[in-house]
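>>> coordinates only, sequence not included:
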């Protein structure tokens, strides 16, 4: 279906006397936010030349419309090809076929991803979202791999995760107490957490600083990223961090002795400051 002009329609919102639930009503707000808080269409146009056919923006907006409804399979787009509200809400001139959407997203994946990541943070910056600090004054930046259970499927990339089931193992980055997503990367289930982590880390730090310019970041990582290259990168980036130690084959005896000395010293300090407290 072709919607003449592909311009965003302004919807009039009214409160009804009855509670009415519809799966697609939120698309109107999403479409308005796309136009107001980011330049997705313009940025995608720069990535690849396109002489004819459905624009990059229409492909991206159509797929986003699916994701907003919890649909990720390309086949789901078929039911919206004749849906006028879907097109008007998202401001698309065309809704692609299943085959066209799959083809164009495959072709544009490498060049589109940096644009999508940048525009995601553009949205958060321009919408002036709150980013709450920790009591230390830092803005927390958490990164971690989260294995997904895709057992029984034959999708490309599904393999044994460290959790012991078959699936994918994406990595995400979340900023502030609100947990704003400032980075996401698809990974095969068998991929080690540290593999390809440094490029992801440097990209995410750049994105996160756009939202926390007046505060220092505190990167928090689990033991899967306890590697020299991680520490060197964080030091070079002048970033504070908490990294869970992975002892591997290290001798624990010196550490236990050090801990015992530290505990004794702390007890002495507490007793001198607060008699009878320790």
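Done, it's in. This structure is a prediction, so every number in the text was calculated from the model and none was measured.

>>> contacts and neighbour counts: CA atoms only from here.
Will do.

>>> tell me which element residue 141 is part of?
Per DSSP states H and E, residue 141 falls inside strand 139-145.

>>> from residue 47, how far out is residue 264?
Distance, residue 264 to residue 47, by Cα to Cα, to the nearest Å: 61 Å.

>>> list the contacts of the strand holding residue 141.
131-134, 169-177, 193, 208, 212, 215-222 (Cα atoms under 8 Å, 6 or more residues apart in numbering).

>>> give me the buried entries from those.
Among the contacts of strand 139-145, those buried by neighbour count (16 or more other Cα atoms under 10 Å) are 131-133, 169-176, 193, 208, 212, 216-222.

>>> of these, which belong to strands?
If you go by DSSP state E, these have 171-175, 217-221 in strands.

>>> can you pick out the most distant pair from those?
By the measure Cα to Cα, 171 and 217 form the most distant pair in those, at 18.8 Å.

>>> the strand holding residue 141 versus strand 217-221: what angle between them?
Taking axes from the mean of the first three to the mean of the last three Cα atoms, to 10 degrees, one finds that strand 139-145 is oriented at 20 degrees with respect to strand 217-221.

>>> partners of strand 139-145 in the sheet?
Applying DSSP bridges, strand 139-145 is found paired with strand 171-175 (antiparallel), strand 217-221 (parallel).

>>> and the helix or strand that that strand is followed by, what does it pack against?
Sequence-wise, the next helix or strand downstream of strand 139-145 (DSSP H and E) is strand 159-160. Applying 3 or more Cα pairs under 8 Å, 6 or more residues apart in numbering; DSSP states H and E, we find strand 159-160 packed against strand 166-167.

>>> from residue 138, how far out is residue 216?
From residue 216 across to residue 138, the span is 5 Å (Cα to Cα).

>>> one step back: how about the strands paired with strand 139-145 in TSV, adding mean pLDDT and distance to residue 152?
Output for the strands paired with strand 139-145, formatted as TSV (pLDDT from 0 to 100; distance: least, Cα to Cα, whole Å):
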stretch	mean pLDDT	distance to residue 152
strand 171-175	97	22
strand 217-221	97	31
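
>>> quick one, domains of the chain?
The chain breaks down into these structural domains: 4-126, 139-243, 253-278 (assignment by automatic domain parsing).

>>> just name the most buried of these.
domain 139-243 (a mean of 17; mean count of other Cα atoms under 10 Å).

>>> centre of the chain to that domain, how far?
Computed by Cα atoms, centre = their mean, to the nearest Å, the chain-centroid distance of domain 139-243 equals 10 Å.

>>> end to end on that domain, go ahead and measure it.
One end of domain 139-243 sits 16 Å from the other (Cα to Cα).

>>> leaving out sequence neighbours, find the closest residue to residue 230.
Residue nearest to residue 230 in three dimensions, not counting chain neighbours: residue 198, with 6.7 Å by Cα to Cα, 6 or more residues apart in numbering.

>>> sorry, slip of the keys, the one I care about is residue 245.
Excluding its sequence neighbours, the residue lying closest to residue 245 (Cα to Cα, 6+ apart) is residue 223, at 5.5 Å.

>>> quick check: the one you found touching residue 247?
No - look at residue 223 against residue 247 with Cα atoms under 8 Å: they stay out of range, at 9.0 Å.
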